[in-house]
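Give me coordinates for this.
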Amino acid sequence: MNQQLKLIIPILNVGDKSNKSKINLLLAITKNEIFHYELIKENTNSEKFLNFMKSLNEKLKTQKNKKYLLIMDNCTVHKTDSLIEYYKEEKINILFNVQYCSFFNCVELCFRALKKKL
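Numbers count the residues shown, from 1 in each chain. Below is the predicted model of the structure:
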């Protein structure tokens, strides 16, 4: 039986405005677990996000008999030409959230709570 694995992929920026202590959390979560993550100690760009997607995709390929859908917000690094091409080549199913509607992205609630603690 095929189960659908839904992954939400946000980017959390934590740090001061000078970027000296900035950390980005790239995260892929399911309704049950943190499936994959990376911490990056600098700004996230499309190249870094593509590397994250490649490592995530390798992990997804190990999931037997599961289809998956990646749900992302409309962050610029998620939608570059090189990434869109990669999604097509690898047949990665992507659903982009409605623009300016972060309240539809459940992980944003977690991020808000985390940012208050930091």
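
The one helix or strand residue 51 maps to: which residues count as buried?
Using DSSP states H and E, residue 51 sits in helix 46-61. Burial within helix 46-61, assessed by neighbour count using 16 or more other Cβ atoms under 10 Å, is assigned to 46, 48, 49, 50, 52, 53, 56, 57, 60. Any C-beta I mention is one placed from the backbone N, CA and C, and that applies to glycine too.

continuing past it, what's the next helix or strand?
Following helix 46-61 in sequence order, the next helix or strand is strand 66-72 (DSSP H and E).

Partner strands of that following strand, with direction?
strand 3-9 (parallel), strand 94-96 (parallel) (DSSP bridges).

Compare those strands and say which comes out lowest on pLDDT.
Mean pLDDT per stretch puts strand 3-9 lowest among the strands paired with strand 66-72, at a mean of 54.

Could you point out which residue ranges in the chain have low pLDDT?
Where the chain drops to pLDDT under 70, the residues are 1-21, 102-107, 109-110, 114-115, 117-118.

One more pass at 80, please.
Scanning the chain for pLDDT under 80 picks out the ranges 1-23, 31, 64-66, 99-118.

quick one: the nearest residue to residue 78 once chain neighbours are set aside from residue 41, how far?
Nearest residue to residue 78, sequence neighbours excluded (Cβ to Cβ, 6 or more residues apart in numbering): residue 72, at 4.7 Å. Using Cβ to Cβ, to the nearest Å, residue 72 is found at 22 Å from residue 41.

Between these two, point out the one with more neighbours.
residue 72 (21 against 10; other Cβ atoms under 10 Å).

In CSV, list the buried residues of helix 46-61 along with distance to residue 94.
Formatted as CSV, the buried residues of helix 46-61 follow (distance: Cβ to Cβ, whole Å):
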residue, distance to residue 94
46, 15
48, 18
49, 13
50, 13
52, 14
53, 10
56, 12
57, 12
60, 13
